[in-house]
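# My questions concern the predicted model and sequence given below.
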Amino acid sequence: MAYASLVSLENTADLFLDHHKYSIPADEREQLTSIREYVIFLISFLENFPEKANRLEGKIRDLANEAEDVIELFMWNLFHMDWSVGLSRVEFQGRLNRVREEIGSIAGDMRDDRLCDIPAVISSSRLAATGKNAVVIGLDEDLLVMKDRLCGSSKLEVIPIIGMGGIGKTTLARYAYHDSLIMGYFDIRAFVQVSQDFTAKEFLTKVLASITLFEEQMFGEKKQSGAAKNVCNESEIALNVYQGLKGRRYLIVMDDIWSTRAWDAVRYIFPDDNNGSRIMLTTRDSDVASYACSGSPLHQMKFMDENQSWDLIKQKVFTNPQDCPPELEYIGKAIARSCRGLPLAVVLVAGILSAVDKTQISWEKIAKNVNSVVDGQVDDILSLSYRLLPHHLRSCFLFMAGYPEDHEIRISRLIKLWVAEGFLKRQRGHKSLEEEAEEYLEGLVKRSLVLITSRKSNGKNKRCSLHDLVRDMCIRKAQEEKFLLTDKYVLPNGRKDERRISIGRHSRFDSICSPTIHTIICFANYSLNCSSLFVVVSFRLLRVLDFMYYYGYLPPQVFELFHLRYLALSFTEKIPAAISNLENLQTLIIFRGNRYTHFTLSHLPLEIWRLPHSRHLIFTGSYALPIPAARPTLPLENLHTLTGISDFVCTKRILEMMPNLKKLGFSTTCVQSFPNLPNLHQLEKLKITVSVSLSWQGPHLAFPTTLKKLTLVGGGLPWKDMSIVGSLPNLQVLKLKNNACDGDTWETSDGEFPQLKFLLIEGSKLKHWVTEKDHFPRLERLVLRKCRYLREIPDSIGEISTLELIEVGYVSGSLMESVRKIQEDQQSYGNDALQVRRRL
């Protein structure tokens, strides 16, 4: 994890060098500046020559970590003005100088390019189960889709199959390749394993061999064409391949392709004669697939269910699956479950079961050890995806090892944690760190390492998870790299060099005494007590503290953790003025979990405005935001999120304090027109909750034109005033809840809602909706819940060309019938894409 450590060190050095409170002596500033220059060079080197630093990665990581610890300890001493603990100035200079010399020495070696390349790793596809006589189980539907696409249009088409390692991409490609229909349909077929050690010449030679075989079969061995000549020059081979394919219907399978470079090297040799030729490729990277297929749909492989896994085991173990003894059924299904839906794991386990006695005792022994067997062999394959990850994605991936098994990870919080950890390089331009982190996550998804489990109303990713086998590999790599320690029950005693710790549901960590701990994340640990928190506050370098499941007293020492960047707590105490001591804090998440205090108003301290690095202030409960002091206070330029505020006062002064706010959520008991909201020129998401006993008053509402998502809860805004909302040029998501709008008729107009994709109306007394398809030209999803008085929706809604889904719940039977009729009408016009869903 050298790259992550170097990026974090660069960010910390920048923070220290630019700190406005402390004057740094010239000698120390020179040392820090020198280290920073070396670090920038090493980061650039790893980005451009990732394979050349592998042997020194551990040393670089340890040196970068040590340098960062030294700098942060010194900053802690400066902040507390306490030189009795930690480092003195002399010790600081000595240790920093030693680290600088060692990092400089490594940088010098890399400049001279003295490091050797590591040997290429083995392709995972060569380890995958193959063979044309294998039984098709769990791939029936996939095979039908493949055959349909292979024998479809006459235009040359690239068909990509994507998915994680071991999920059956190669197996599906081989089934299709050896299918009797496919064999008779194509004149020439070639199946070539590409892998990460790809060379164009080797690929072309293998395709040429297939062409040669075809010509020998067609013309006899004495018939020698240009394709059968013995040539060595790559360009000559390419020419012969092109000529050999020209005018013939061909199927070329490129198995296990890892880069766009491999595709670019050979794409020119495939002629398009409009005769139905096909190129099928398998890859773990959806970017590679999309690049090669030019708009053709990607075929995403799925996991097997328990029944499919068990059926495949029976097919592999027994000559006749019906011969499986009844007493092996229960234990066999348990073994199948242990394979966690990964076809390669099923094949590996079936191979083991085939070699032992088919008795209950033998299978029970296998069941006890199946996890270690599966994990060990599959890990070699999955580890390949990790080893080929770009350096900047590795730390983000390994951080996910800290989440519990089968945990659905909230992506918005994961991104905030990545930013707090310092995994992201600060980029020039308008892109925020959070936007950069979203691209990092997408990179992991495209490489089939992370699974998206749910999406937001705007289509963006909401939650994600790791497949069990990927998570096991991730945990092993995290511990091997000394990146993160996770455990199941008890953390080991006396750990001295841990930087990140994930605490499970039954763990205790009172004995942890590592002075280098930067991150502690806790999941549903109800055994936590005050002594646990007092242990935590002794970690002076703590950067991330996530105790969302802690309920109880909060030691005041928490607010002395100077380096804290991320703090998430669930407690009932009043937030003290000492919060301003956390001047490096980026994310503050407070959940008032006690049901007796959740709705009791608590006032945030005035010092909340003295958190210069704050990016996200998230409150669940009732917190009132104070008016900034009259004396000059610097605005929170970095603040992007402010939610959970009660009795929000939308004054010009308050909005000036957060000029770059992107997400705002508040409740109010005094309905206003909020005329100052348009001053938030960066605002993209807004949620306003109004007491049900009130209604909108005063002049018309005004919203920033930058809004992409608007949620109104309560308030009874007249439906006619929705034209204000409809005029917003960038609005994509609109949610109206709990009588957000008042009246029985909503009539829309031309030119409204030009970008709206998602519309939710919930808990409304609306009776008549008058609209046209042109009023919602981009609508994709319409959700109606608890609209008991609405009898029908306009037929023109079904004519919206982009509409994909109408979802209803707790509505009248006549409205449901109206929705069904719209779907039937669209189907009669040939539009089968529109879905209707009823949720109770």
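Everything's here; your move.

# quick one: low-confidence ranges for the stretch 601-750 of the chain?
Counting by pLDDT under 70, the ranges of the stretch 601-750 of the chain that qualify are 630-632, 671-673, 692-700.

# Report how many residues lie close to the closest residue to P675 other than its chain neighbours.
Leaving out its chain neighbours, the residue that sits closest to P675 by Cβ to Cβ, 6 or more residues apart in numbering is A702, at 5.4 Å. In this view, the C-beta of every residue, glycine as well, is placed from N, C-alpha and C. When counting by other Cβ atoms under 10 Å, one arrives at 14 neighbours for A702.

# What is the end-to-end distance of stretch 270-286?
The first and final residues of stretch 270-286 sit 22 Å from each other (Cα to Cα, to the nearest Å).

# Which secondary structure state is assigned to the residue nearest to P675?
For A702, the assignment made with DSSP: H, G, I helix; E, B strand; the rest coil gives coil.

# isn't it right up against L683?
No. Taking Cβ atoms under 8 Å as the contact criterion, A702 and L683 are not neighbours in contact, 11.9 Å apart.

# quick one: common contacting residues for the two?
L677 (Cβ atoms under 8 Å, 6 or more residues apart in numbering).

# tell me the contacts of H391?
By Cβ under 8 Å, 6+ apart, H391 lies in contact with A2, Y3, A4, L46, E47, P50.

# Ignoring the adjacent residues along the chain, who's closest to it?
That would be Y3: by Cβ to Cβ, 6+ apart, it lies 3.5 Å from H391.

# What's the separation between the one you found and R471?
From Y3 across to R471, the span is 22 Å (Cβ to Cβ, to the nearest Å).

# Between those two, tell me which one has more neighbours.
The neighbour comparison of Y3 against R471 (other Cβ under 10 Å) goes to Y3, with 25 against 20.

# correct me, but that one touches C396?
No. Counting by Cβ under 8 Å, Y3 sits too far from C396 to count as a contact (10.8 Å).

# Just to be sure, M183 is in a strand?
No. Under the criterion used here (three-state DSSP), M183 is helix, not part of a strand.

# Would you list the phi and psi of F203?
Backbone dihedrals for F203, given as degrees, to the nearest 10, come out at phi -60, psi -50.

# Was I right to think it contacts V194?
Yes. With contact taken as Cβ under 8 Å, F203 and V194 are classed as touching, separated by 6.5 Å.

# For those two, list the residues in contact with both.
Counting by Cβ under 8 Å, 6+ apart, the shared contacts of F203 and V194 are M254, A262.

# any chance you could map the helices in the stretch 351-500 of the chain?
360-387, 391-399, 411-421, 433-446, 468-480 (DSSP state H, counting those that start in this stretch).

# Name the residues of the fourth one that are buried.
Buried positions in helix 433-446, judged by neighbour count with 16 or more other Cβ atoms under 10 Å: L433, E434, E436, A437, E438, Y440, L441, G443, L444, K446.

# just the contacts of H391 now: which is nearest R543?
Distance ranking of those against R543, using Cβ to Cβ, places A4 first at 12.9 Å.

# pretty sure that closest one contacts S395?
Yes. Look at A4 against S395 with Cβ under 8 Å: they come within range, at 3.2 Å.

# Just list the residues touching L541, thanks.
Residues in contact with L541 (Cβ under 8 Å, 6+ apart) are D69, E72, L73, W76, P515, T516, I517, H518, H563.

# typo on my end, it should be L398
When contacts are counted by Cβ under 8 Å, 6+ apart, L398 touches M1, C474, K477, A478, E481, F483, L484.

# Tally up the residues packed near the closest residue to it other than its chain neighbours, please.
Ranked by Cβ to Cβ, 6+ apart and with sequence neighbours excluded, the top spatial neighbour of L398 is A478, at 4.4 Å. Other residues within reach of A478, judged by other Cβ under 10 Å, total 24.

# Ok, G247 next?
Residues contacting G247 under the criterion other Cβ under 10 Å number 11.

# is it true that it lies in a helix?
No. Going by three-state DSSP, the assignment for G247 is coil, not a helix.

# Quick one: end-to-end length of stretch 483-499, please.
End-to-end for stretch 483-499, by Cα to Cα: 7 Å.

# Same check on stretch 587-606?
This stretch, stretch 587-606, spans 17 Å end to end (Cα to Cα).

# Likewise for stretch 769-789?
For stretch 769-789, the separation between the terminal residues is 11 Å (Cα to Cα).

# and that stretch, average pLDDT?
Model confidence over stretch 769-789 averages 95 on the pLDDT scale.

# where does the chain have its least confident helix or strand?
Taking all helices and strands of the chain together, the one with the lowest average confidence (mean pLDDT, DSSP states H and E) is helix 530-536, at a mean of 62.

# which stretches of the stretch 151-300 of the chain have low pLDDT?
The low-confidence ranges in the stretch 151-300 of the chain, as defined by pLDDT under 70, are 197, 216-232.

# which stretches of it form strands?
157-162, 188-193, 250-255, 278-283, 299-300 (DSSP state E, counting those that start in this stretch).
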